[in-house]
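> The sequence isn't on hand, but the structure is:
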C-alpha cells in the first residue's frame with residue numbers, strides 16, 4: 001500500500017472501548033500518515049460491507065480495494081508510512097510465521113482488552129458477543 005493509499009482509507013474501531021480509543025490516539029500521534037477515523041457506532045456498516053460481529057471483533061482498515069481486519073489492519077497502517085522502518089515492520093507482520101503470531105496476539109489482546117491498562121468495563125466483549133455498554 002503506497003503512502004497515498006491511506007489518504008483514501010478509513011479506520012473503523014470500537015469507540016465504546018477506552019482501550020481501543022487510547023491506542024488509536026497513540027497511533028495517530030506516532031505515525032506520520034493516518035487515514036480518516038470513525039468509530040463503529042458512527043460507521044455505516046452496511047455501506048462498508050461489514051456485519052455487527054465484524055465491527056465488534058476487529059479494528060478495520062478499509063481502502064478502495066481492500067478490507068483489512070485486526071493485525072492485518074495494523075500492518076496496513078504501517079505499510080502506508082513514509083519511514084522505511086515502519087514499512088519493514090509491516091512486511092515482517094505480513095510474513096509467515098510472524099503473521100500467524102501477530103494474528104494470535106491481536107485476538108488475545110481483543111479478547112482481554114477489558115483487563116488491560118487504560119480500559120474500562122465497556123471494553124469487554126462478553127462470550128455471547130453483545131457489548132456490556
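Cool, got the structure. Note that the coordinates shown come from a computational prediction; the quantities given were computed from them, not determined experimentally.

> Just name the shakiest helix or strand of the chain by mean pLDDT.
helix 52-57 (a mean of 83; mean pLDDT, DSSP states H and E).

> Centre-most residue in this structure?
The centroid of the chain falls nearest to residue 59 when counting by C-alpha atoms, centre = their mean (3.2 Å).

> what's the neighbour count on residue 53?
10 (other C-beta atoms under 10 Å). Backbone N, C-alpha and C define where each C-beta goes, glycine included.

> er, residue 113 I mean
Under the neighbour criterion other C-beta under 10 Å, residue 113 is assigned a count of 20.

> How about residue 43?
18.

> can you pull the contacts of the closest residue to it other than its chain neighbours?
Sequence neighbours aside, residue 12 is the residue nearest to residue 43 in space, at 4.8 Å (criterion: C-beta to C-beta, 6 or more residues apart in numbering). Residues near residue 12 by C-beta atoms under 8 Å, 6 or more residues apart in numbering: 38, 39, 40, 43, 48, 50, 55, 59, 60, 62.
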